[in-house]
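**Student:** dropping a prediction and its sequence here:
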Amino acid sequence: MATGTVRKSRRPDADIKAIPVRRPWRWVATAVVLGLLALLLTSMVTNPRYRWEIVARYLLDGSVLNGLLLTLQFTAIAMVLGIALGVLFAVMRSSDNKVLSWTAAAYIWFFRGTPLLVQLIFWFNLSALYPTIQLGLPFGPTFATLDANTLITPFIAGVLGLALNEGAYMAEIVRAGIVSVPKGQLEAASSLGLSKSMTMRRIVLPQAMRVIIPPTGNNTIAMLKTSSLISVLAIPELLYSVQIIYGRNFQTIPLLLVASIWYLLATSILTSVQTRIERRFSPDRDPGESYGSRLRRNLAARRAHVKEDR
């Protein structure tokens, strides 16, 4: 009986050593960017014209904080009304009724085609075109007559301008989400006897949310910054509040830095909220695993990989 040494089979990839691709230009680009950032930070710290002591003094000033709250209020109201208008006109735009479809298309065309600043000034001066606003039936009796100067205050003009403009953009975002739903879903709903309104509420819109949410979050962040345009209506939001202050003390740059810091902080918070909402509606999300659990799992896998390399 022949005897011999039995050799253990080795995996084909046991002697393969992976060598990472060298990317020298990536390190060069990193060094250049870090150098530029260091120069920028050094300039911001050493340049006395920034007047950081003025920035610190007015960062928590009462009028600045009131302006910030008013900015957040305008953002919230305009986005709620804009989303509601967007859903309404997106559904009208997708309707088989030509009157509804053309009306929605005309609304989107007008409010996307004219500058927001022009719209804000127009609403503020609406009384020059309509001194009184009458509510009633066309060519019929009038139920109420309102004074336009009393009704269209600067606050109302700002809300109308921001909300109507945002509604036009949201209509296209919602319509894109509706179009992204496969037609087979609509045919299946129709075969089950569901009405068009129920199909829209129960089937189309829930699936379209994955397409709608990311640009809606971007529009919310943009609205926070766009609301600074209402300063032309003498509304004391964040930008107008700092303008009033630097109009008195002539510290323009420090006060603009104060406004920029608050805008950056608010947009950072909104960005974090947007990321969480997108993760909530992500098709790859594990509903039973939290962000912390995923982070710990990834760190554990990374440590295990490092030990194997050693």
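**Tutor:** All right, it came through fine.

**Student:** averaged pLDDT, the helix or strand containing Val91. What do you get?
**Tutor:** According to DSSP states H and E, Val91 maps onto helix 62-93. The average pLDDT within helix 62-93 is 93.

**Student:** just the CA trace of the helix or strand following that helix, in PDB.
**Tutor:** Counting by DSSP H and E, the element after helix 62-93 in chain order, helix or strand, is helix 98-113. Output in PDB follows, covering the C-alpha atoms of helix 98-113 (Å, rounded to 0.1, in the frame of the first residue of the first chain):
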ATOM      1  CA  LYS A  98     -58.100  69.900 -21.300                       C
ATOM      2  CA  VAL A  99     -59.400  73.000 -19.300                       C
ATOM      3  CA  LEU A 100     -57.800  71.800 -16.100                       C
ATOM      4  CA  SER A 101     -54.600  70.700 -17.900                       C
ATOM      5  CA  TRP A 102     -54.200  74.000 -19.800                       C
ATOM      6  CA  THR A 103     -55.000  76.100 -16.700                       C
ATOM      7  CA  ALA A 104     -52.300  74.300 -14.700                       C
ATOM      8  CA  ALA A 105     -49.900  74.700 -17.600                       C
ATOM      9  CA  ALA A 106     -50.600  78.400 -17.800                       C
ATOM     10  CA  TYR A 107     -50.100  78.800 -14.000                       C
ATOM     11  CA  ILE A 108     -46.700  77.000 -14.200                       C
ATOM     12  CA  TRP A 109     -45.700  78.900 -17.300                       C
ATOM     13  CA  PHE A 110     -46.400  82.300 -15.700                       C
ATOM     14  CA  PHE A 111     -45.000  81.900 -12.200                       C
ATOM     15  CA  ARG A 112     -41.800  80.100 -13.500                       C
ATOM     16  CA  GLY A 113     -41.300  82.500 -16.300                       C
END
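
**Student:** list the buried residues for helix 98-113?
**Tutor:** 104, 107-108, 111 (16 or more other C-beta atoms under 10 Å). Where you see a C-beta, it was placed from the backbone N, CA and C, and this is true even at glycine.

**Student:** and Ile133, helix, strand or coil?
**Tutor:** strand (DSSP: H, G, I helix; E, B strand; the rest coil).

**Student:** run through the bridge partners of it.
**Tutor:** Per DSSP bridges, residues listed as beta-bridge partners of Ile133: Leu146.

**Student:** so it sits against Phe143, correct?
**Tutor:** No. Between Ile133 and Phe143 there is no contact under C-beta atoms under 8 Å: 11.7 Å.

**Student:** who has more neighbours out of these two?
**Tutor:** Ile133 (15 against 9; other C-beta atoms under 10 Å).

**Student:** wait, what's in contact with the more buried one?
**Tutor:** Neighbouring residues of Ile133 by C-beta atoms under 8 Å, 6 or more residues apart in numbering: 145-148, 151.

**Student:** of these, which is the most crowded?
**Tutor:** Among the contacts of Ile133, the one with the most neighbours (other C-beta under 10 Å) is Ala148, at 15 neighbours.

**Student:** and it, what are its phi and psi?
**Tutor:** phi -60, psi -40 (degrees, to the nearest 10).

**Student:** same check on Arg23?
**Tutor:** Residue torsions, per degrees, to the nearest 10, at Arg23 are phi -130, psi 80.

**Student:** and it, how many neighbours?
**Tutor:** If we define neighbours as other C-beta under 10 Å, then Arg23 has 9 of them.

**Student:** could you do Asn219 as well?
**Tutor:** 20.

**Student:** picking that back up, widest-spaced pair of the buried residues of helix 98-113?
**Tutor:** The distance between the two most remote of those (C-beta to C-beta) is 11.2 Å, for Ala104 and Phe111.

**Student:** give me the common contacts of the two.
**Tutor:** With C-beta under 8 Å, 6+ apart, Ala104 and Phe111 have no common neighbours.

**Student:** show me where the stretch 101-250 of the chain has its strands.
**Tutor:** 132-136, 142-147 (DSSP state E, counting those that start in this stretch).

**Student:** now do the longest one against strand 132-136, angle only.
**Tutor:** In this structure, strand 142-147 runs at an angle of 160 degrees to strand 132-136, with axes from the mean of the first three to the mean of the last three C-alpha atoms, to 10 degrees as the basis.

**Student:** can I get the CA coordinates of strand 142-147 in CSV?
**Tutor:** Extracted in CSV, the C-alpha atoms of strand 142-147 (Å, rounded to 0.1, in the frame of the first residue of the first chain):
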residue,chain,number,x,y,z
THR,A,142,-71.3,90.9,-5.0
PHE,A,143,-71.2,89.4,-1.6
ALA,A,144,-68.3,91.3,-0.1
THR,A,145,-66.0,94.2,-1.0
LEU,A,146,-62.6,94.4,0.5
ASP,A,147,-60.0,97.3,0.5
